[in-house]
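# next come a sequence and a model predicted from it.
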Amino acid sequence: NDIAEMSMVAVDGAVVSNHSYGPLCGWYYNSSTEKWYWYGDVTISTVEDYEFGFYNQTSVDLDYVAWSAPAYLIVKSAGNDRNDVPPEQPLTHYVWNEVWMQVSNVVRDPDGGIDGYDCLSPMAVAKNILTIGAVDDAKNMTTFSAFGPTDDGRIKPDVTANGKDVYSSFGSAIDAYANYDGTSMATASATGAIALVHNLQEKVQPGVKLQSSTVKGLLIHTADESGTSPGPDYSFGWGILNLKTACDLIFNNAGNGGKNISEGIITQGETIIIPVETDANAPFLKITICW
């Protein structure tokens, strides 16, 4: 009931929520049965799960909730499917065909194929949400964090955060802690960072709320460049989340009369002109537009 619950909390004034979960796609090893399962639809493809990168009804629902509640940002884990594959093939495994049935000698692609791309679940490809990938402490990409693109070519994940060997609370007891890997961990910390962004904004500009698209644009704009080539890519997104840089921009915006962050509404065919001042010797001008 997560879609209905999101709608309700958004109406109640929530500005951010964490979603460190998602549907199973492609290969999955069930440790309790010690068996491999493949979640693809064999009537569409016998080697690749078509749902990777696919914009489905759940994606639509998430985007509609976000569009209906412009102050509410949905933060979603990219998923940990990349490189999932049995250690050797062919291997007897289960596949769904009205019921779970064993299939032998069918060789299927690793999740993400040989290059690791296109292994995001449909929840993670929604446009209006913030999708988070996972890096380690050294800011290197993890082996599991799911890569984009979406099937329609959009950049996902949006940004990345630390999701390797993260020390956090654990459910076995009220005082239990453990170390875990996963985009779930990265997404939880990113959600907490967003809560702090809202807290700071209220302190420096009381009563001036930021829309979810503004917060998303702010985090993209201030992310640390990462990857092997400049600019956004389908692994790191726009880079590694940098809360300090994002907060500096909020401070600067509050101190100069709101010249750094601009919100507005534009209709089809309309033109809006926003004057921009920059020093003659400034090394670059960076502008991020998010809607």
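Cool, the structure landed. Owing to the predicted nature of the structure, the values given are computational and were not obtained by experimental measurement.

# ok, and what's touching stretch 222-233?
If you take Cβ atoms under 8 Å, 6 or more residues apart in numbering as the criterion, stretch 222-233 is touched by 135, 139, 141, 155, 159-160, 235-242, 245-246, 248-249. (Each C-beta comes from the backbone N, C-alpha and C, glycine too.)

# list only those of those residues flagged as buried.
Buried residues within the contacts of stretch 222-233, defined by neighbour count using 16 or more other Cβ atoms under 10 Å: 135, 141, 155, 159-160, 235-242, 246, 249.

# does anything pack onto the longest helix belonging to the chain? Which helices or strands?
Ranked by residue count under DSSP state H, the longest helix found in the chain is helix 183-204. Using 3 or more Cβ pairs under 8 Å, 6 or more residues apart in numbering; DSSP states H and E, the elements in contact with helix 183-204 are strand 16-19, strand 73-77, strand 130-135, strand 159-162, strand 166-169, helix 212-222, helix 243-255.

# how far is the fourth one from where the chain is centred?
Distance, stretch centre to chain centre, for strand 159-162: 9 Å (Cα atoms, centre = their mean, to the nearest Å).

# what sits up against that strand?
Contacts with strand 159-162, where a contact means Cβ under 8 Å, 6+ apart, come from 130, 132-137, 141, 145, 185-187, 189-190, 193, 219-220, 223, 226, 236-241.

# which residues in this protein form strands?
In the chain, the strands defined using DSSP state E lie at 16-19, 27-30, 35-38, 73-77, 93-97, 99-103, 130-135, 159-162, 166-169, 177-180.

# now these in TSV, with mean pLDDT and distance to residue 271?
Converted to TSV, the strands of the chain look like this (pLDDT from 0 to 100; distance: least, Cβ to Cβ, whole Å):
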stretch	mean pLDDT	distance to residue 271
strand 16-19	98	32
strand 27-30	96	49
strand 35-38	96	51
strand 73-77	98	28
strand 93-97	92	52
strand 99-103	90	57
strand 130-135	98	29
strand 159-162	98	30
strand 166-169	93	46
strand 177-180	96	49
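
# so which of those is the most packed in?
Comparing those by mean neighbour count (mean count of other Cβ atoms under 10 Å), strand 130-135 comes out on top with a mean of 29.

# what's the angle from that one to helix 212-222?
Orientation check (axes from the mean of the first three to the mean of the last three Cα atoms, to 10 degrees): strand 130-135 against helix 212-222 gives 30 degrees.

# relative to strand 73-77, how tilted is strand 130-135?
Using the same axes, to 10 degrees: strand 130-135 against strand 73-77 is 30 degrees.

# what is strand 130-135 packed up against?
Taking 3+ Cβ pairs under 8 Å, 6+ apart as the contact cut, strand 130-135 packs with strand 73-77, strand 159-162, helix 183-204.

# alpha carbons of the shortest one, as CSV, please.
Output of strand 159-162 as CSV, limited to C-alpha atoms (Å, rounded to 0.1, in the frame of the first residue of the first chain):
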residue,chain,number,x,y,z
VAL,A,159,23.1,11.0,-7.6
THR,A,160,25.1,8.5,-5.5
ALA,A,161,25.9,8.2,-1.8
ASN,A,162,27.9,6.0,0.5
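
# and stretch 153-171, how far apart are its ends?
Length of stretch 153-171, first residue to last, Cα to Cα, to the nearest Å: 38 Å.
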